[in-house]
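# prediction below, plus the sequence it came from.
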Amino acid sequence: MADDVQRKMRLAQIAELYYLERLTQSEIAQRFGVSTMQVSRLLREAQQSGVVEFRIHHPLPIDVESARELQSRYALRSVVAVKATRPEQVKEDVARVAAHHFLSLLEPRSALAVGWSSTLALMAEALPYQPIEGLSVVQMLGALSLSADRYNPYDSFVRIGTQLGGEMHALHAPTVLRSVNARDSLVSDPAVKNVLDLARAADYAICGIGAGGDDSTFFQLGYLSRTELDELALKGVVGDILGRFIDIEGRERPWSYSKMLVSLDLDELGRIPQVIGVAAGPSKVKPILGALRGGYLAHLVTDAATVRSLLAIDDTVAAT
C-alpha cells in the first residue's frame, strides 16, 4: 500500500511539472535522473492510473456516437464528427476542431509530413502557438503555382511549422510539372529528394481529401480539361489525395499529370503510421469513402453530416 502511494506521488509530481509548470520531458528526465522515454511512460501511466484526468470542452458540439461507429467500421484510431453551426461555414467549423485534435495526437521528437487542401489551410490558421519538442515538419506536396491565394500549400506548411515550433523542411518545387523528364530530373535533385525522403519516413501525415467533378482543385486551376474530367468520372474517379485521383474503392486512377506530380504517392502515404485526414462538406463524402476503403487514413476529422452519409452509403451497399 505504501509503495503504491509513493508511486502515485511520484507520478503526480512528474505530471505537475509537465502539465502545470510546462517543463519539457527532457528537463524532467534530467531532474529525476531518468531517460526521456521513461518520463513519457510515467506520464502515460499517470493518465491510465487516474492520477491525471483530462476534461475536454469541445468548441463545437460533437456527434460522438456516429464517430465511434465509423471509427469501429474502418478500424481507425480516431474520428471526430463536428456538428457544424451553419452549413455555409462547415469547413471553418471542422478546421477549428481539427486544429486542437491534431495537436492532441502529436508526440515529441517525431516527424510530421504536411499535405494540402483549403480546409487544411483553415486548420493551419486556427492552430494556436504550441511548440512540440523535437518536432520535424516536412512538406510532402509541391506548390500549386496557379494558386495565388491563402490556400497555397507552402503557406499552410509554413504556418503549421511555425505554430508547432518545428524544424521545417520545405519542398521547393511545384506540384505539377509539364513533362515526365522535368519531373524526374527535379525529384532526383538532392534538395528535393532529401525532403521527399524525410516525408516518406514521417511518423505522422496530415492532408486534405480533394473533391471530384467540377469541385476538383485541378480542374479549377486548369490542369484538367472538361473532356478529361468527364473521362475520369466515367472511370469512377471521386476525388484525389495529394493529386492522386482515386475511385470510391480507393484505387488510384491515372490522369494526364499522374507521372508529373511532385508529391508522395499513395503507397508511400499509406506506409506512414498515422495519417490524419481533414475534409468536410457534401462534396467530400465519396472522396472520404474512397480514402477509407483504400486504407490511407488512421484519423479523420470531418462534419457530422458527412459521417452519417458515409455510414448510410455503407449500410445501403451491405443491404444489396
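Yes, it's here.
# so which residue is dead centre in this protein?
Closest to where the C-alpha atoms of the chain average out (C-alpha atoms, centre = their mean) is Ile206, at 2.1 Å.
# show me what it is bridged to.
Val114, Ile276 (DSSP bridges).
# heads up, I number from 448, so please use that
New numbering, starting at 448: the last item is Ile653.
# which ones are touching it?
Contact partners of Ile653, counting by C-beta atoms under 8 Å, 6 or more residues apart in numbering, are Phe549, Leu559, Ala560, Val561, Gly562, Leu567, Ile607, Val722, Ile723, Gly724, Val725. C-betas here are computed from N, CA, C, even on glycine.
# hmm, try it at 7 Å
The neighbourhood of Ile653, defined by C-beta atoms under 7 Å, 6 or more residues apart in numbering, consists of Phe549, Leu559, Val561, Gly562, Leu567, Ile723, Val725.
# give me the element the fifth one is part of.
Secondary-structure element containing Leu567, defined by DSSP states H and E: helix 565-573.
# which SSE is immediately downstream of that helix?
strand 583-586.
# which helices and strands sit right next to that next one?
On a contact count with 3 or more C-beta pairs under 7 Å, 6 or more residues apart in numbering; DSSP states H and E, strand 583-586 meets strand 558-561, helix 600-610, strand 614-616, helix 637-647.
# JSON lines please, covering those and showing distance to Val627, mean neighbour count and mean pLDDT.
Listed next are the helices and strands packed on strand 583-586 as JSON lines, based on distance: least, C-beta to C-beta, whole Å; neighbours: other C-beta atoms under 10 Å; pLDDT from 0 to 100:
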{"stretch": "strand 558-561", "distance to Val627": "24", "mean neighbour count": "27", "mean pLDDT": "98"}
{"stretch": "helix 600-610", "distance to Val627": "22", "mean neighbour count": "21", "mean pLDDT": "91"}
{"stretch": "strand 614-616", "distance to Val627": "25", "mean neighbour count": "17", "mean pLDDT": "96"}
{"stretch": "helix 637-647", "distance to Val627": "15", "mean neighbour count": "16", "mean pLDDT": "96"}
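# for the ones you listed, which one sits closest to Glu535?
helix 600-610 (21.9 Å; C-beta to C-beta).
# which elements pack onto that closest one?
Partner elements for helix 600-610 (3+ C-beta pairs under 7 Å, 6+ apart): helix 565-573, strand 583-586.
# from the ones you listed, which stretch is densest packed?
strand 583-586 (a mean of 25; mean count of other C-beta atoms under 10 Å).
# if we can go back for a sec, what's the angle between the helix holding Leu567 and helix 600-610?
30 degrees (axes from the mean of the first three to the mean of the last three C-alpha atoms, to 10 degrees).
# how far out from the middle of the chain is helix 565-573?
11 Å (C-alpha atoms, centre = their mean, to the nearest Å).
# with stretch 569-579 instead?
With C-alpha atoms, centre = their mean, you get 13 Å for stretch 569-579.
# retrieve the pLDDT associated with Arg450.
Careful, residue 450 is Asp; it's not Arg. Note for Asp450: predicted pLDDT of 67.
# go on, the one 10 residues further on?
The predicted local confidence for Gln460 comes out at a pLDDT of 88.
# that one: neighbouring residues, count only.
Close neighbours of Gln460, defined as other C-beta atoms under 10 Å, add up to 16.
# helix or strand: which one has it?
helix 449-462.
# circling back: what about the residue nearest to the centre of the chain, distance to His619?
Distance, Ile653 to His619, by C-beta to C-beta, to the nearest Å: 20 Å.
# any chance of the helices and strands packed on strand 583-586 in JSON lines, plus distance to Ser583?
Formatted as JSON lines, these follow (distance: least, C-beta to C-beta, whole Å):
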{"stretch": "strand 558-561", "distance to Ser583": "4"}
{"stretch": "helix 600-610", "distance to Ser583": "9"}
{"stretch": "strand 614-616", "distance to Ser583": "5"}
{"stretch": "helix 637-647", "distance to Ser583": "7"}
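# so for Ser672, which of these sits nearest?
Using C-beta to C-beta, the nearest of the helices and strands packed on strand 583-586 to Ser672 is helix 600-610, at 22.8 Å.
# identify the residues contacting the closest one?
561, 563, 567-568, 571-572, 574-577, 584, 586, 588, 590-591, 615, 617.
# follow-up on the earlier one: dump the C-alpha coordinates for the helix holding Leu567 into CSV.
The C-alpha trace of helix 565-573 is given here as CSV (Å, rounded to 0.1, in the frame of the first residue of the first chain):
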residue,chain,number,x,y,z
SER,A,565,-8.5,24.5,-48.4
THR,A,566,-9.8,23.0,-45.1
LEU,A,567,-6.2,22.2,-44.1
ALA,A,568,-5.3,25.8,-44.8
LEU,A,569,-8.1,27.0,-42.5
MET,A,570,-6.9,24.5,-39.9
ALA,A,571,-3.4,25.9,-40.1
GLU,A,572,-4.8,29.4,-39.5
ALA,A,573,-6.7,28.1,-36.4
